[in-house]
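Chemist: sequence first, predicted coordinates after that:
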Amino acid sequence: MPEPWLPIGVAALQMVSGQKLDDNLQSAQALVATAAKKGAKLAVLPENFALFGSKKIFTLATDEARDGAIQHFLSNLASDYGITLVGGSIPLPSPDGRVFACSFVYGADGSCLGCYRKIHLFDADVGDAQGSYRESDSYAPGENILVVDSAVGRIGVGICYDLRFPEMFRRMLDQQAEIIVLPSAFTRSTGWAHWLPLLRARAIENQCLVVAANQGGIHDAKRQTSGGSVVIDSWGSVLAEAGLGEACVIAKYDREEQRALRQRMPVSQHRRL
Ligand SMILES: O=C(O)CNC(=O)[C@H](CS)NC(=O)CCC(=O)C(=O)O
């Protein structure tokens, strides 16, 4: 790694994914291309970027386990554009007949650096048009956190509802994570109330860069997501933020500044619990 570190571009890619796989992949490709063209070296896709709100996740998961088509697509995107890529989430079969929400991380050479399976599942009544969410009807929970080294720094991966469980990100800090990425599909009601303060808290308390890529739009009559994809630095400042709709949100990650902050205020050395 070059020393001193020059600030590098990082991108949160916001989508309004629908039920057509090919359309969603095309949008993802265009957004990654835009991010790369604007100089980003890290790009994060949202949760369920490839297929949203569809029962077809089960056939997609079976197909994916057989041929790995979306994983190849992501790997090729990463190497074609020379960018570290976090593949939002895609479904893969779990042994009990449900699926895991899997987030793959690819290096800029297309190599797979790791796969995170969403741990916390969204079974909640939030009082929006959809009413209640029972993610665990279709999804099985993962068990392990993921922290991986990449060309842009050490990355911890969480997905969406995981954001509400700070102990998970603390464990990433125990493994010296520098960047938290959070592919998401936050609901509009909970997102507008909680998304930004929770993200800023995770950034501040762990002194990490946060790159949070959300779905942001109307998916069908009942399902609206909250957008507001964002890049937050390790001081908690919002560096760049989307509204609703497709967006490529880019900001500079200054790793030297983060190191200096961690020296001036060594929070992780002050822990007593
Ligand atoms: O259902 C799909 O198609 C895609 N998956 C999701 O949207 C997931 C599971 S329902 N959403 C969340 O985890 C929202 C969490 C959230 O909104 C909060 O914590 O407030």
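Modeler: Now that the structure is in, tell me what you want to look at.
Chemist: tell me who's in contact with the residue lying closest to Ser132 once chain neighbours are set aside.
Modeler: Counting by C-beta to C-beta, 6 or more residues apart in numbering, Ser132 lies nearest to Asp125, which is 4.4 Å off, once chain neighbours are set aside. Any C-beta I mention is one placed from the backbone N, CA and C, and that applies to glycine too. Asp125 makes contact with 131-133, according to C-beta atoms under 8 Å, 6 or more residues apart in numbering.
Chemist: doesn't Val32 belong to a helix?
Modeler: Yes. Counting by DSSP: H, G, I helix; E, B strand; the rest coil, Val32 is located in a helix.
Chemist: doesn't Leu13 make contact with it?
Modeler: Yes. Counting by C-beta atoms under 8 Å, Val32 does reach Leu13; the two are 6.9 Å apart.
Chemist: which one's more surrounded, these two?
Modeler: More crowded of Val32 and Leu13, by other C-beta atoms under 10 Å: Leu13, with 31 against 23.
Chemist: any idea whether that one is helix, strand or coil?
Modeler: Quick answer, by three-state DSSP: Leu13 is strand.
Chemist: per-residue confidence at it?
Modeler: Looking at Leu13, its pLDDT stands at 99.
Chemist: nearest residue to it other than its sequence neighbours?
Modeler: The shortest distance from Leu13 to any non-neighbouring residue, by C-beta to C-beta, 6+ apart, is to Leu31 (4.2 Å).
Chemist: that neighbour: neighbour count?
Modeler: Close neighbours of Leu31, defined as other C-beta under 10 Å, add up to 24.
Chemist: ok, now which ones touch it?
Modeler: When contacts are counted by C-beta under 8 Å, 6+ apart, Leu31 is found next to 13, 15, 43, 45, 246, 248.
Chemist: quick one: residues contacting the third one.
Modeler: In other words, Ala43. Counting by C-beta under 8 Å, 6+ apart, Ala43 has contacts 10-11, 13, 31-32, 35-36, 83-86.
Chemist: can you put these in a markdown table and add distance to the ligand?
Modeler: As requested, the contacts of Ala43 are arranged in a markdown table below (distance: C-beta to the nearest ligand atom, whole Å):
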| residue | distance to the ligand |
| --- | --- |
| Val10 | 23 |
| Ala11 | 21 |
| Leu13 | 16 |
| Leu31 | 18 |
| Val32 | 20 |
| Ala35 | 22 |
| Ala36 | 26 |
| Ile83 | 24 |
| Thr84 | 24 |
| Leu85 | 20 |
| Val86 | 16 |
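Chemist: about what we covered before: which residues do Val32 and Leu13 both contact?
Modeler: Joint contacts of Val32 and Leu13 (C-beta under 8 Å, 6+ apart) are 43, 45.
Chemist: can you give me the strands for the stretch 1-150 of the chain?
Modeler: Ranges of strands in the stretch 1-150 of the chain, per DSSP state E, counting those that start in this stretch, are 8-14, 40-44, 84-86, 90-93, 99-106, 112-117, 123-125, 132-134, 146-150.
Chemist: all the helices of the stretch 101-250 of the chain, in order from the start?
Modeler: Assigned by DSSP state H, counting those that start in this stretch, the stretch 101-250 of the chain shows helices spanning 135-138, 166-174, 188-190, 196-206.
Chemist: show me what the spatially most central residue of the chain is bridged to.
Modeler: By C-alpha atoms, centre = their mean, the chain has its centre lying nearest to Pro183, at 2.3 Å. Beta-bridge partners of Pro183, counted by DSSP bridges, are Ala213.
Chemist: returning to what we had before: most neighbours among the contacts of Asp125, which one?
Modeler: Counting neighbours by other C-beta under 10 Å, Tyr133 comes out on top of the contacts of Asp125 with 18 neighbours.
Chemist: residues in contact with the nearest residue to that one once chain neighbours are set aside?
Modeler: In this structure, Tyr133 finds its nearest non-sequential neighbour in Phe122, 5.0 Å apart by C-beta to C-beta, 6+ apart. Phe122 makes contacts with 133, 135, 160-161, as judged by C-beta under 8 Å, 6+ apart.
Chemist: what sits against the residue nearest to the centre of the chain?
Modeler: Residues near Pro183 by C-beta under 8 Å, 6+ apart: 44-47, 49, 86-89, 103, 157, 159-160, 213.
Chemist: cool, thanks, talk later.
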